[in-house]
Every structure is written in structure tokens, then in C-alpha cells.
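> with the input below, show me the fold.
(one chain, ligands or ions: 1)
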Amino acid sequence: MEKSAKVIDECLSVRGSRLFMEECDTVGLVERFGSPIFVISEDQLRRNMRRYVKAFSDRWREGEVNILPAIKANWLLALRRILTQEGAGCDVYSAGELHSALQSGVDPMLVSVNGGGKSEEHIANCIGAGVKITVDDLDELDLIEQTARKAGGKASIRLRLRPDFPNLWQPTGFANELVPIDIGFQVYKNGIPTEHVVSMGRRALASEHLDLVGVHIHLGRHHYSLAVWEELIRRYVELIAELKTLWGGWEPSEIDVGGGIPSPRDPFGKIIGSTADNLLFAGLFAGMYALKALGEQRRYRIISRLMGLILGRKGNKAKIPSIEEYADRITTTLRTGMTRRGLTTRGVRLQIEPGRSMYGNAGIHLSRVLKTKHQTRPIAWNWVLLDTTYFFMAGGVFENNLHPFIVANRADEKPCKLADIVGRSCYADRMIPEVRIPDVQPGDIFAILETGAYQEVSTSNFNAMPRPATILVTGDQAQVIKRAETQEEVFARDIVPKRLLKNTMKKTG
Ligand SMILES: Cc1ncc(COP(=O)(O)O)c(C=O)c1O
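Model prediction:
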């Protein structure tokens, strides 16, 4: 890398006025592959995986550590191959995800098949492939047992637990409302309610067709703090210890702690703001109403000055702990809790299922500016219209993400105005609401950061827009790993009955 390059993170740097991903000029990528595109750094994905392995293996020496990246976060087959080469297992939710994991050569022993509502066919495929089934539904045990019996084999299972978390009072990032994690987790559907898990475990242990090897939990990214992880593991261990007593001394040989660790720049949940923001907005709303008394013009003049407060989003500035800090807190709490409750730690396999923190920072989304628009009255406002849409980043919209961005061909320019960065669907499509930008012009290229997880997999065709391609870069090499959809493909599943093909109006009775 040139000496004058400004390093943004491990895979992004600014050289002159251009943003580079690894050794590839992102402007060059758009010129070569078109716009919009998703771009993933192979090198960053490998670095993320290696860092996870080291962080947890260095801190959990009692048994093996397996990293099972959640394939739902990005199921591009090329990416899965990269992770397989790095020795990763896989967290799978659906039959489709299982198919792509197995097709990508993952060791079946390192596959955890999660999710409720598994069909008999899916379960038979799991048993046939020799993957671990993480039991979620109450009737699933019967179905797995019957299917294993039919196949003349034994299914390797884990039970997905649902401890209570009465001490988790931090507000969950999954809700727009102010709800503590404790309550947010109660209404989350996955996992076996504790009142049923006791009898299910006893049944599993008595069955010659079921091999109960471990336990699983996934709280998710309700909050970034280490204290939340500590409490999660503490309550998890308490429940495991209680189950040991109720199940005649059984102990897990593997403990899966799920996912939910944020990626370092963590765009999640930032658009809804903090508790203080919510109170401020309530005050502003009342104020805007009260200003009606001043008449239209004066009201708009005052509101113009307050626009940054009313509609701007600065994002929560919380410092996200490192993977090593999460690994430290998780393993220390696990070890201490297990030892205190008389659970064996020696030989216990620890599994982690990162999604966002595995893929997130390895991906960016590149999009050209189509137009800029400005109004001066009644409220001064700027729009920058991109040739993409938040329907191509729907995962982030569901999660109230606020994505960092860089103008890829003006990366060295100072911001000089405020604007809404909007997408081209007919919705408001405020992809990056009210931010400071340089003097951008049509043809410029926006790089939206942190789009490696949950974005590409959640694109939709709203406004009949074909979905973008994904490009993989490594060093100075770039190639397509998912081609762009064509306009014809958007309508490929439509079937128009023959009788509707004539342009004549149907006579009604
Ligand atoms: C069972 C399970 N494991 C892992 C993950 C990955 O979570 P994250 O992307 O927050 O790390 C998920 C996500 O929903 C999940 O349901």
C-alpha cells in the first residue's frame, strides 16, 4: 500500500481521492462491473474467521472451539467455500441453508441445524448427512426419533434452551419501543420453554435413537455490552446445572452460545436513537405543534433551524468491544459458573455462531449518484438520489441500521453540506438520513459500508427492480460471484392465464 494511503480499517483505505478495498480501486470496480453492486473482501472474511478462532481458542483451552458462522447472514456459495477452507462449521436455519452448507463442503459434524417447524424430509436429510439437529419445537423430538428409527440410526441432537433473564434491563435494540431485553427475549419465538425442556431431555436420554450431546442458546444482538453477555452466560450455566440435577447427572459435551456479537462499526439499531433521543423527539413534536400559533412562515423558519434535531440521525456513538473482549467475558463467565455449579469443563466443546461480526465489515455496497435535488422553501433541503434502494438492503432496514458511508471518488474531500441520501424506489427510501457530504455531483459513487451481513440476502424486487451483482475482491483481483438479475428474471415466475392474454374487456353478468 502507498505510504500516503489513509487506512480506514483492515480492508478499506483512501488513496488520493479514491476509496480502495484491499488493492482494488472501488471506482474502477463500478466502471468494470456496473452499479449498484455489492462488494465483499475475501481477505477480510478470512481475517475475521482467523481472529475468531484465535480469540476463543486462546481463551478456552478445556476443549475444542468451533466457529459456526450463521449462513443466514450471507449464503453466497463462494463465501461459504472461503469459510470452509478456513475450517469453519455452520449454523443453518432452513433446508435451503443446509443444502448450501453441505454443497460447500462443511464438515457435517460442525453443522448445527436450528429453527422451528422442521419437516420430516428436512430431518431425514439432517440424519442422513450426520449433522447436529438443534431441537426447537416441542413435537420435534418425536419426529426426529421416528425418522432416526426408520433410518435405523441415531440422531445427534442438542436442545435449544430459553433461560429467563430478569436482570437484563438494558433496552433491546430489536424493538422501536423502549423494551428491556428481559421482555424482548420472552416474546422471541425460538427455543424450548423451560417447563417442557425437563421432560424432553429425560425422553431424549432414554431413547436409543437420540444422542443428546449438548445445549444451545441464541439471545441475539439486543445490546452490545459485555455485561449483557456475562448475564446471558451466567443464567445459561444456572439452567444447565439445574437440568443436570433433573436429568440424573447428564452433562453437555458441547455448549453453543449462539451469535449476536456486533461487528466493529456496528450499524445496528442506530436509527432509532437512544432513550434521551426519544424524550427529545417527544418534546420537539409538542414544540412543532405549539409553533402553529406563530403562523406558517415563522413556524417553517424556526423548524428549518431545528431540522437537524428533528430528522437527523447521528447514530449512537457507543464503543463496541473487540472480539477478544467478548471472548474473554464469555469464556471466563462460563468457566467460573460451571466450576461453581460443579459442572465439568474439561473436554467441553465451545461453539459460537457469529453472523454480523463475521461478514458485516467484509462488505460494501457501491452505488452511483443519479441526481441531486435542492429546495430552499418552506424548508431548505438537499437530496442525493442513488441508483440503488433500501429494498436492496432490507435486512438493515428491518434492523434500523445507520450505515457509515464514503464518497468513493471524493474520499479526500471535506463535507460541505447536509443532505438526505435516498434510494430510487417510490418510498421515501431515506437510506442515509441527513448527513454531511462533500459537493457530490451526478455520476459520483457512494460506498455504503458494513453491508456484508443480512443485506444481499434480503434484497427484494420492489418497483420491479432487478437485484444487483456481488463482486469478490482479493488483493488486486476482482470477480463476479453472483451475477446481477435481468429485467426478464424479475417476471420469470409470473404465469398469465391464456384467457387474460386478449386485450378485450370481460363481460360481467
Ligand atoms: C441461532 C442463531 N445463531 C446465530 C445467529 C447470528 O446472529 P448474529 O448475526 O447477530 O451474530 C442467529 C441470527 O439470528 C441465529 O438465529
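> check which helix or strand covers Val215.
Element membership of Val215 [criterion: DSSP states H and E] is strand 210-216.
> export only the CA atoms of the very next helix or strand once past that strand, formatted as CSV.
Next helix or strand after strand 210-216 toward the C-terminus (DSSP H and E): helix 226-246. This file holds the C-alpha atoms of helix 226-246, laid out as CSV (Å, rounded to 0.1, in the frame of the first residue of the first chain):
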residue,chain,number,x,y,z
LEU,A,226,-20.2,-7.2,27.7
ALA,A,227,-22.4,-7.1,30.9
VAL,A,228,-25.2,-8.5,28.8
TRP,A,229,-23.1,-11.4,27.6
GLU,A,230,-21.9,-12.0,31.2
GLU,A,231,-25.5,-12.3,32.4
LEU,A,232,-26.5,-14.4,29.4
ILE,A,233,-23.8,-16.9,30.1
ARG,A,234,-24.4,-16.8,33.9
ARG,A,235,-28.2,-17.7,33.5
TYR,A,236,-27.4,-20.2,30.8
VAL,A,237,-25.0,-22.1,33.2
GLU,A,238,-27.5,-21.9,36.0
LEU,A,239,-30.1,-23.6,33.8
ILE,A,240,-27.6,-26.2,32.6
ALA,A,241,-26.8,-27.0,36.3
GLU,A,242,-30.5,-27.4,37.2
LEU,A,243,-31.0,-29.7,34.2
LYS,A,244,-28.0,-31.8,35.3
THR,A,245,-29.8,-32.5,38.6
LEU,A,246,-33.1,-33.1,37.0
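> coming back round to it: just checking, what packs against the strand holding Val215?
On a contact count with 3 or more C-beta pairs under 8 Å, 6 or more residues apart in numbering; DSSP states H and E, strand 210-216 meets strand 132-135, helix 140-151, strand 155-160, helix 194-206, helix 226-246, strand 254-256. In this view, the C-beta of every residue, glycine as well, is placed from N, C-alpha and C.
> His209 against Gly153, yeah?
Yes - contact criterion C-beta atoms under 8 Å: His209 and Gly153 qualify, at 7.3 Å.
> of those two, which one has the most company?
Taking neighbours as other C-beta atoms under 10 Å, His209 and Gly153 compare with His209 leading, 18 against 14.
> quick one on the thing from earlier: closest one to Pro438 among the helices and strands packed on strand 210-216?
Ranking the helices and strands packed on strand 210-216 by proximity to Pro438 (C-beta to C-beta) places helix 226-246 first, at 36.8 Å.
> give the buried residues for that closest one.
For helix 226-246, a neighbour-count test (16 or more other C-beta atoms under 10 Å) marks 228-237, 239-241, 243-244 as buried.
> what's the answer for stretch 378-392, then?
Applying 16+ other C-beta under 10 Å to stretch 378-392 flags Trp381, Asn382, Val384, Leu385, Leu386, Asp387, Thr388, Thr389, Tyr390, Phe391, Phe392 as buried.
> just give me how far the one helix or strand Arg436 maps to sits from the chain centre.
Using DSSP H and E, Arg436 maps to strand 430-437. Its chain's average C-alpha position is 21 Å from that of strand 430-437, according to C-alpha atoms, centre = their mean, to the nearest Å.
> so what touches it?
Contacting residues not belonging to strand 430-437 are listed as 271, 307-308, 311-313, 384, 386, 388-390, 393, 402-403, 405, 407, 415-423, 448 [C-beta atoms under 8 Å, 6 or more residues apart in numbering].
> and the helix or strand hosting Leu29, what does it pack onto?
Per DSSP H and E: Leu29 is located in helix 26-33. For helix 26-33, the elements it packs on are strand 18-21, strand 37-41, strand 363-375, strand 445-449, strand 469-474, strand 477-482, judged by 3+ C-beta pairs under 8 Å, 6+ apart.
> so which of those is nearest Ile123?
Ile123 lies closest, by C-beta to C-beta, to one member of the helices and strands packed on helix 26-33: strand 477-482, at 29.7 Å.
> near the ligand, which residues of the stretch 1-150 of the chain are found?
Applying C-beta under 6 Å from any ligand atom, one finds that the stretch 1-150 of the chain approaches the ligand through Ala70, Ala73, Asp91, Asn114.
> hang on, the third one in a helix?
Same thing as Asp91. No - Asp91: not assigned to a helix; according to DSSP: H, G, I helix; E, B strand; the rest coil it is strand.
> which residues touch it?
Leu68, Pro69, Ala70, Ile71, Lys72, Ser112, Asn114, Gly258, Gly259, Glu353, Gly355 are the contacts of Asp91 under C-beta under 8 Å, 6+ apart.
> the last one now?
Asn114 makes contacts with Asp91, Val92, Tyr93, Thr134, Asp136, Arg160, Asn190, His216, His218, as judged by C-beta under 8 Å, 6+ apart.
> ok, of the residues you listed, which one's closest to Lys292?
Minimum distance to Lys292 across the contacts of Asn114 is 47.2 Å, recorded for Asn190 (C-beta to C-beta).
> with adjacent residues omitted, what lies nearest to Thr333?
Distance criterion C-beta to C-beta, 6 or more residues apart in numbering; nearest residue to Thr333, sequence neighbours excluded, is Ile233 at 4.1 Å.
> the one you found: what's it in contact with?
Val257, Arg329, Ile330, Thr333, Leu334, Gly337.
> out of those residues, which is nearest to the ligand?
Nearest to the ligand among the contacts of Ile233: Val257, at 9.3 Å, using C-beta to the nearest ligand atom.
> isn't that closest one right next to Gly214, touching?
No - between Val257 and Gly214 there is no contact under C-beta under 8 Å: 11.1 Å.
> compare neighbour counts for the two and give me the winner.
Neighbour tally, Val257 and Gly214, criterion other C-beta under 10 Å: the higher count belongs to Val257, 25 against 21.
> show the pLDDT at the more buried one.
Predicted confidence (pLDDT) for Val257: 98.
> now it: how far from Arg368?
42 Å (C-beta to C-beta, to the nearest Å).
> ok, Ile261 next?
Taking C-beta to C-beta, one finds Ile261 at 33 Å from Arg368.
> neighbour-wise, which of those two wins?
Ile261 (26 against 19).
> my read: the more buried one touches Ile323, true?
Yes - at 6.9 Å, Ile261 counts as touching Ile323 under the criterion of C-beta under 8 Å.
> list the residues that contact both of those two?
The contact lists of Ile261 and Ile323 share Ser357, where a contact means C-beta under 8 Å, 6+ apart.
> tell me the contacts of His14?
Actually, residue 14 is Val rather than His. Neighbours of Val14 in contact, by C-beta under 8 Å, 6+ apart: Ala5, Lys6, Ile8, Phe20, Ile406, Ala411, Asp412.
> make sure Ala453 is actually in contact with Pro354.
No - Ala453 is beyond contact range of Pro354, at 9.2 Å (criterion: C-beta under 8 Å).
> starting at the chain centroid, how far to stretch 226-246?
Between the centre of stretch 226-246 and the centre of its chain there are 25 Å (C-alpha atoms, centre = their mean).
> related to what we said a few turns ago, mind listing what's buried in the helix holding Leu29?
For helix 26-33, the neighbour count (16+ other C-beta under 10 Å) marks Thr26, Val27, Leu29, Val30, Phe33 as buried.
> turn the residues you listed into a markdown table, columns for distance to Leu501 and pLDDT.
Output for the buried residues of helix 26-33, formatted as a markdown table (distance: C-beta to C-beta, whole Å; pLDDT from 0 to 100):
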| residue | distance to Leu501 | pLDDT |
| --- | --- | --- |
| Thr26 | 46 | 98 |
| Val27 | 46 | 98 |
| Leu29 | 42 | 98 |
| Val30 | 40 | 98 |
| Phe33 | 37 | 98 |
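> and these as TSV, adding distance to Gly87?
Output for the buried residues of helix 26-33, formatted as TSV (distance: C-beta to C-beta, whole Å):
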residue	distance to Gly87
Thr26	30
Val27	35
Leu29	29
Val30	34
Phe33	30
